[in-house]
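Colleague: structure, please.
(2 chains)
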Amino acid sequence: MVSSMKVHIRLFGTLGNKFPDHDPLKGFALEVPEGSTVEDLIEKLDIPQSKIGTVSINGQLVKVQKQLNEGDFIRVFQPIFGG
Amino acid sequence: MKFVTIDMASGSIRKESVPQAYEGLGGRGLTSIMIDNAVPPTCDPLGLENKLIIAPGFLSGTSLVNTSRLSIGAKSPLTGGIKESNVGGTVAADLAHLGITAIIVEGKPAHAGCHLLKIDLAGNAELIDGTAYKGMRTYALVAKLKKTYGEKNSVTCIGPAGEFQLTAASIQTTDADGRPCRAAGRGGLGAVMGSKGLKAIIVAQGGKATDPLADPELFKAPAKRYAKAVKESSAELAQLGSAVLVAPINAVGAFPTCNAKFGQFEEIDKISGETMAEIIKQRGGKTTHKGCAQCIINCSNEYVDEDGKYVTSSLEYETIWSMGAMIGNADLDIIAKLDFLCDDIGLDTISTGVAIAVAMDAGYKPFGDGQAAKVMLEEVAKGTEFGKIIGNGPAAVGRHFNHARVPVVKGQSIAAYDPRAIQGMAVTYATTPMGADHTAGWVVSENLEEFGGTLDRFSAQGQVETSRNSQLNMAAVDTVGICDFAQSGFGAPEGLANVCNMIAAKLGKPFSEKDWHALGIRILKAERAFNRRAGFSFKDDRLPKMFYEEPLPPHNKVVVISDEEMDQTFDF
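Modeller: Now for the predicted structure:
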């Protein structure tokens, strides 16, 4: 049996809109199976890849293949545009 | 299609059809090509030979969405070179609805005066004595003008900073709710308006004399497709405005902090777009607001205080940076107040925030002292000696304190993207004829792999070509008058073809994608030619030493674009 671990995720921009429990300033905590990657987490949240820009774990920029650890704080930003 | 030319020396006003040499132009293309043709490059920017040219975009006034963009051009007293400063609000649409292609303000009154220019619904222009308005701040000025001349006018005006002819002075214009909170901030053009003795331009709304389209049928389908693409991709801007950029740019370490000593601000969560939106919501303000005529994005907002009372509109990314992280200030209420003060006094929030940051870096006040920043702005309004130094922008402050860490190019400050963490912005800041200007060639997403970019943001590889292409495109975008934030329309299938077809429909002759590119080249050539004759050389297309010598935490990189590479940017 795969045990689970707790991580904290904060979704920026409009990414958090569809999650009623998501606090725009704090995010929310989630249980994910041990060994999960950022990609797995995003898939679990059913967010399309095209909506994902930068991801950081505990303040460090990471690729989506990065494996998560218990207690990680994940920030997910949208692709940007502007000028 | 007419020019309205006002000679401030004699007070005479003439209306004429647009001369052939300027046909098919609007916005930046018109202002820059006319300045190159008709303003002596070595003239005193605050003297009688300079011209202030005010032109809606070529597509302003048409049914295309997000086209109420106004270009204001002149020789800049801040940079000493050519300048186009771009602003939204309603005035571009209002002028276009009167069939006015450009207002040209030339000459200078023999005696310092204060005048108003009023343009009525018939498109007739009149100069009015404005002595009663002298010295007024913009919010009170607009309230008084609207009381006198009616609500159904847009007002484009200067505050005390423009009257003092300070080189960070903006020209403010009214938003969709009639507040002077939209700024043509860059380049100190408020000082040029002040030098002409012109306090405000009052333009009647609701004109019915828009230039007819040569082929209205050809216009419809591409305009509809363009609008659809903009609507589909603007949810983030509607919810958070341009402040949506604060958190991600900080996350990638490119958010200049404490006069660009760091690339990340420790207290970023207090000033992010998400935090701003929550504060506005809790207090009953507006997170989504229509600031400009014909806008379907609604990226504006209304920031309110704890009692729900209006503070400012619209609190934007660049200002949250310049009055926030750049001066080490994590108090959004103070940022909002500083934004209001800049609009009210008539100051560019970018140049002014960076001027304060340089003063703090030089030890005048500690970083993070928001109250001190407020006092500095009030000094500008009062016209004290130190206020004039702040109001003349960061380079003036650096000279005053003999302080070398001044993040400017050609005298104009960088914006909220550190060039050491996004090398493409180093090329744009250094080479644009405008002086450091993020909007001249925004290559941020191309530089960030995480956002779909293909360039290594710490390498020189491909940066010159990317910046060149972006600068050429922007010169054309600013000519047709499409809002920067509505450029998502270009990303749709056939996006550029849609725009070219709309231009063709107005012109009555074919306009190809090749013509679009040629338009960009023509404008940049004119701007660079003007600057060359004004005395600029390749040596002016450089960043200040701090960006080449001081590694920027957290990535600890410096700018790596060589001088030779910079000099290849405009290879035409």
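Colleague: give me the low-pLDDT residue ranges for the stretch 301-450 of chain B?
Modeller: Along the stretch 301-450 of chain B, segments meeting pLDDT under 70 are nowhere present.
Colleague: around chain A, which positions in it sit nearby?
Modeller: Proximity of the stretch 301-450 of chain B to chain A is confined to B:317, B:438, B:439, B:442, B:444, B:445, B:448, B:450 under the rule C-beta under 8 Å from any C-beta of the partner chain. Using the backbone N, CA and C atoms, a C-beta is placed for each residue, glycine as well.
Colleague: same thing with the stretch 51-200 of chain B?
Modeller: For the stretch 51-200 of chain B, no residue is in contact with chain A (C-beta under 8 Å from any C-beta).
Colleague: in the stretch 51-200 of chain B, what residue lies closest to chain A?
Modeller: residue B:86 (10.3 Å; C-beta to the nearest C-beta).
Colleague: ok, that residue - contacts?
Modeller: Taking C-beta atoms under 8 Å, 6 or more residues apart in numbering or on different chains, we find residue B:86 in contact with B:27, B:28, B:69, B:70, B:71, B:72, B:184, B:439, B:478, B:484.
Colleague: do residue B:131 as well
Modeller: Applying C-beta under 8 Å, 6+ apart, the residues contacting residue B:131 are B:113, B:114.
Colleague: tell me, how many residues neighbour residue A:20?
Modeller: 7 (other C-beta atoms under 10 Å in any protein chain shown).
Colleague: identify the farthest-apart pair in the contacts of residue B:86.
Modeller: By the measure C-beta to C-beta, B:72 and B:484 form the most distant pair in the contacts of residue B:86, at 15.6 Å.
Colleague: ok, back up a step: out of the contacts of residue B:86, which are inside helices?
Modeller: Counted as lying in helices by DSSP state H, out of these, are B:27, B:28, B:478.
Colleague: isn't residue B:488 right up against residue B:233?
Modeller: Yes - counting by C-beta atoms under 8 Å, residue B:488 does reach residue B:233; the two are 4.0 Å apart.
Colleague: mind listing the shared neighbours of these two?
Modeller: Common neighbours of residue B:488 and residue B:233 (criterion: C-beta under 8 Å, 6+ apart): residue A:81.
Colleague: hmm, back to that, more neighbours, residue B:72 and residue B:484?
Modeller: Using other C-beta under 10 Å as the criterion, residue B:72 and residue B:484 rank with residue B:72 on top: 28 against 19.
Colleague: would you mark the buried spots in stretch B:213-224?
Modeller: Judged by neighbour count using 16 or more other C-beta atoms under 10 Å in any protein chain shown, the buried positions of stretch B:213-224 are B:213, B:218, B:219, B:222, B:223.
Colleague: contacts for that stretch next, please.
Modeller: Contacts of stretch B:213-224 (C-beta under 8 Å, 6+ apart): B:62-65, B:494, B:497-499, B:501-502, B:504-509.
Colleague: I figured residue B:544 hits residue B:410, correct?
Modeller: No - Residue B:544 lies out of contact with residue B:410 (C-beta under 8 Å); the separation is 10.7 Å.
Colleague: can you pull out the low-pLDDT segments for chain A?
Modeller: Low-confidence segments of chain A, defined by pLDDT under 70, are located at A:1, A:82-83.
Colleague: what do you get if the cut-off is 90, keeping everything else the same?
Modeller: Applying pLDDT under 90 to chain A flags residues A:1-2, A:49-54, A:78-83.
Colleague: show me what from it comes close to chain B.
Modeller: So far as C-beta under 8 Å from any C-beta goes, chain A lies against chain B at A:12-14, A:17, A:24-25, A:53-56, A:61, A:75, A:77-83.
Colleague: ok, of the contacts of residue B:86, which one's closest to residue B:258?
Modeller: Distances from residue B:258 to those, taken by C-beta to C-beta, are shortest for residue B:439, at 24.1 Å.
Colleague: surely that closest one touches residue B:483?
Modeller: No - using C-beta under 8 Å, residue B:439 makes no contact with residue B:483, being 10.8 Å away.
Colleague: who's more crowded, the two?
Modeller: residue B:483 (23 against 20).
Colleague: excluding sequence neighbours, find me the nearest residue to that one.
Modeller: residue B:66 (4.2 Å; C-beta to C-beta, 6 or more residues apart in numbering or on different chains).
Colleague: now residue B:523
Modeller: Closest residue to residue B:523 apart from its sequence neighbours, by C-beta to C-beta, 6+ apart: residue B:475 at 4.1 Å.
Colleague: cool, residue B:410 as well?
Modeller: Leaving aside its sequence neighbours, residue B:410 sits nearest to residue B:435 (C-beta to C-beta, 6+ apart; 3.6 Å).
Colleague: name the SS class of the one you found, please.
Modeller: coil (DSSP: H, G, I helix; E, B strand; the rest coil).
Colleague: list the contacts for it?
Modeller: B:76, B:78, B:79, B:81, B:83, B:186, B:187, B:408, B:409, B:410, B:411, B:412.
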